[in-house]
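Undergrad: Show me how the following folds:
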Amino acid sequence: MDPQLFLSARDVTFRYFEQSKRNVLDHASLEIAPGRVTVITGNSGCGKSTFAAVAAGLYPENAGILESGEIAFRGRPLKGMSFRERTKYLSLMFQNPDLQFCMDTLRREMRFCMENICVPQPEMDGRIALWSERLGIGSLLDQPLHTLSGGEKQKAALACLFLLGSEGVLLDEPFANIDRESAREIIAMLGRANREDGLTVIAIDHQLDDWLPILDEVIVLGEGGKVLQRGITRGNLPQQYQLFVDQGITFPKKRRRKRPEVPENEAAIRLEGFSVQRGASRKRKARGTEPDFLLEGVSASFPRGQITAILGPSGIGKTTLFLALLGQIPYNGDIFLCGEGQDRELRRIRQKDLFREIGIVFQNPGNQFISQNVLEEVEKSIRQWEPQASPESVKERALAQLDTYGLRPFQRYSPYMLSQGQQRRLAVLAVLTGGQKILLLDEPTYGQDYRSSEAILEQLSRKADEEGLTVLLTTHDRKLAGSYADKIYEVKGRALVQASPQAILDQEGAGLYD
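TA: Numbering: from 1, shown residues only. Predicted coordinates for the structure are as follows:
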C-alpha cells in the first residue's frame, strides 16, 4: 500500500450474509489522495454507504463478511487498528445522525466524543465553544437531542465530527436533512479547513451542485462499488452528462421538468389560527417559561387529491407540523379534516380512527419497520387493509410493488440492512399499499438518486390524480417541489407563506450546465 495515498481500498469484496448471492461490494478498489475534496456519487444501492462503513472500520467488525481485500490509511492496514488509531486518520458521519448519539444533550455528546480520544479535560470547553460558534449551534448545546429537528441533529453530528481532529472526514449524505443555506455554510467551512489545514474531505452525495465551488474530483461508482469514472472536475463535468443519465444520478444544475399547474381542489385539511411551540410536549408553562412558537396564528389549506410541498430551513417547524397533524403534540387553534359534508376538528377524532385516515413516512424510516425482511414489510401492510386476501395474492402484489421501486433483489434482507435511500423507498412503498387517503412524507427523497426520486414522486402523482390521495411532503429539494407539487408553502417568520411552483423553479435558475 502506498503511504503517499490517504486512503487505499484494494479488491474489496463484502456481503452482509453468508448465504447471500449478492456481494454489496464486489472486488471494489479505490484510492483517495490526501488534502483533497473528493465527492463519491452513484445510483442508490450501489454500495457507497457500505464502502464508507468498511473504510471506517465498522464493517466487518460489527456486521457482514469481508471476503477479500484490504483498506489502508497512509499505507498502514486498517485491520488491527484501535478506535483511537483509526480516528487519527478518519472520522465518519452516518446518513442517520441518530445512530451516532450516545448522550442526552449535545454538550454531553461532544464531551463524550473527546473523552474517547483522551482529549485533556481543560481543552474540552474550548473546543466545544469553538465548533458550536462556527456551526451556529450554541443554542442547541443543552437541549435534549431527541427534541432537535433532523437538520439540527445533522449539524450536531458534524460538530462532534470536527472536534475529533482527524486528518480526514467521510460524510455520508451529510445534507439530506439540512436546508440549502446551511449546507452551503458547512461546505464553505469544509473548504476553508481543506485549504488552511489540509483536511481531507470525502463526501458521498447524490447532489453535487453545492460542492462545485470546492471539489477537486468526482468519482462515480457503479454496481458492486466498482469505479465507473473518476477524474471528473468542474471543468470537464459537462462531458459526463450521459454517464450521469445512464446511472440515474442527478446532473448538477440541471432543471427538472415542470409539472403543469392545475386548479386547486377543495381542502382535505384546513388550519385556522394554528400555533405550535418548539418542544410542545415539554412542560414549559409549568416552569413559567415564555412560549417559543415555531408557527403562530397560521391559516392554510391542503387540497384533496393533490401534492402540497412545505419548504423551509432546518428546525423551523415542518416536522413539528406533521406531529400536530397526527395528534401527537398539543397545539393552539384548530385543525380540521374536511370532507363528506362536514369538517371535523382533529382533537375530536379518536387516535385509531385518525391513523386510518392519515399515514406518515418518518424522516428516519427505520422508526416504522415492523418485519424481519423487506417482502414481509410490504405483505403486512397489504394484509392490514385487506385481511381477506389470499397469501398468494398478497405475495404477488408485494413483489410487483418491490419491482416498481427496484427492491425485489433485496426481498429477503432485513430493512435495517438496506441503504438509507432504499429504506426510504421501502417506507414509502409500505405506506402507499395502505388505505389512508392522506399521506405525510417527511423528506421522502432523502438519500435517493434522481431516478428513484422521480419514481417516488411519479407514483404519488398518479395516486393523487387517479385515487384522490392527498399528499403533504417536506423537502429541502426546491427543484423537486417545483416540478411535482400542485401547491407550495414556505415557512417564514412563524407563518406558512404560499409560493407558486413555477416561481420556485425560477428562483432556482437554469444553472451552470443547462
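Undergrad: The closest residue to Gln411 other than its chain neighbours: neighbour count?
TA: Setting aside the residues directly before and after it, Gln411 is nearest to Leu375 in space (CB to CB, 6 or more residues apart in numbering), at 4.1 Å. The C-beta positions use only the backbone N, C-alpha and C, and glycine is treated the same way. When counting by other CB atoms under 10 Å, one arrives at 21 neighbours for Leu375.
Undergrad: element containing Leu375, please.
TA: In this structure, Leu375 is located in helix 374-385 according to DSSP states H and E.
Undergrad: Would you mind measuring from the residue of the chain positioned farthest from its centre to Ile335?
TA: When distances to the mean C-alpha position of the chain are computed (CA atoms, centre = their mean), the maximum falls on Gly341, with 38.5 Å. As defined by CB to CB, to the nearest Å, Gly341 lies at a distance of 18 Å from Ile335.
Undergrad: Flag every buried residue along stretch 350-366.
TA: The neighbour-count criterion (16 or more other CB atoms under 10 Å) identifies 354, 356-366 as the buried residues of stretch 350-366.
Undergrad: Next step: the residues you listed restricted to helices.
TA: Secondary-structure check on those using DSSP state H: residues within helices are Leu354.
Undergrad: Export the buried residues of stretch 350-366 as TSV, with columns for pLDDT and distance to Ile128.
TA: Shown next, in TSV, are the buried residues of stretch 350-366 (pLDDT from 0 to 100; distance: CB to CB, whole Å):
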residue	pLDDT	distance to Ile128
Leu354	93	42
Arg356	90	47
Glu357	93	45
Ile358	95	40
Gly359	92	40
Ile360	93	35
Val361	90	35
Phe362	87	30
Gln363	80	26
Asn364	80	26
Pro365	84	32
Gly366	82	29
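Undergrad: Select from the buried residues of stretch 350-366 every entry located in strands.
TA: Among the buried residues of stretch 350-366, the residues falling in strands (DSSP state E) are 358-361.
Undergrad: which of those sit farthest apart?
TA: Comparing every pair within those by CB to CB identifies Ile358 and Val361 as the most remote, at 11.6 Å.
Undergrad: partner strands of whichever strand or helix holds Leu66, parallel or antiparallel?
TA: Using DSSP H and E, Leu66 sits within strand 65-73. Using DSSP bridges, the strands paired with strand 65-73 in its sheet are strand 7-15 (antiparallel), strand 76-77 (antiparallel).
Undergrad: rewinding a little: from the ones in strands among the buried residues of stretch 350-366, pick the one nearest Cys46.
TA: The shortest approach to Cys46 among these belongs to Val361, at 22.9 Å (CB to CB).
Undergrad: Could you give the bridge partners of that closest one?
TA: When bridges are assigned using DSSP bridges, the partners listed for Val361 are Leu441.
Undergrad: show me where the stretch 401-514 of the chain has strands.
TA: Using DSSP state E, counting those that start in this stretch, the strands found in the stretch 401-514 of the chain span residues 438-442, 470-474, 487-492, 495-499.
Undergrad: The stretch 251-400 of the chain now?
TA: So, for the stretch 251-400 of the chain - with DSSP E, counting those that start in this stretch - the strands run 267-277, 293-303, 307-311, 332-339, 342-345, 358-361.
Undergrad: can you give me phi and psi for Ser29?
TA: Recorded main-chain torsions at Ser29 are phi -130, psi 140, according to degrees, to the nearest 10.
Undergrad: ok, back up a step: give me the common contacts of Ile358 and Val361.
TA: 439-440 (CB atoms under 8 Å, 6 or more residues apart in numbering).
Undergrad: if we can go back for a sec, for Ser8, which of the strands of the stretch 251-400 of the chain is the nearest?
TA: Closest of the strands of the stretch 251-400 of the chain to Ser8 is strand 358-361, at 38.8 Å (criterion: CB to CB).
Undergrad: Output the closest one in PDB, but only the C-alpha positions, please.
TA: In PDB, the C-alpha atoms belonging to strand 358-361 read as follows (Å, rounded to 0.1, in the frame of the first residue of the first chain):
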ATOM      1  CA  ILE A 358     -53.600   9.700   7.800                       C
ATOM      2  CA  GLY A 359     -50.400   7.800   7.100                       C
ATOM      3  CA  ILE A 360     -46.800   9.000   7.600                       C
ATOM      4  CA  VAL A 361     -43.300   8.200   6.400                       C
END
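Undergrad: sorry, back to before: can you redo the strands of the stretch 251-400 of the chain as CSV with distance to Leu426?
TA: Converted to CSV, the strands of the stretch 251-400 of the chain look like this (distance: least, CB to CB, whole Å):
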stretch, distance to Leu426
strand 267-277, 26
strand 293-303, 25
strand 307-311, 21
strand 332-339, 28
strand 342-345, 32
strand 358-361, 10
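Undergrad: Please compute how far the strand holding Leu66 lies from its chain's middle.
TA: Taking CA atoms, centre = their mean, to the nearest Å, one finds the center of strand 65-73 at 28 Å from the center of the full chain.
Undergrad: Show me which positions of it end up buried.
TA: Of the residues in strand 65-73, those buried under the neighbour-count criterion (16+ other CB under 10 Å) are 66, 69, 71-73.
Undergrad: same check, this time on stretch 85-104
TA: Taking 16+ other CB under 10 Å as the neighbour-count basis, stretch 85-104 is seen to contain the buried residues 86-98, 100-101.
Undergrad: Farthest pair within the residues you listed?
TA: For those, with distances taken as CB to CB, the pair at the greatest spread is Lys88 and Asp98 (25.9 Å).
Undergrad: Out of the buried residues of stretch 350-366, flag the one nearest to Gly447.
TA: For Gly447, the closest of the buried residues of stretch 350-366 turns out to be Pro365, at 9.5 Å, with distances computed as CB to CB.
Undergrad: and the gap between that closest one and Leu199?
TA: 31 Å.
Undergrad: remind me which residues of the stretch 1-150 of the chain are low pLDDT?
TA: Per-residue confidence for the stretch 1-150 of the chain (pLDDT under 70) gives these ranges: 1, 19, 150.
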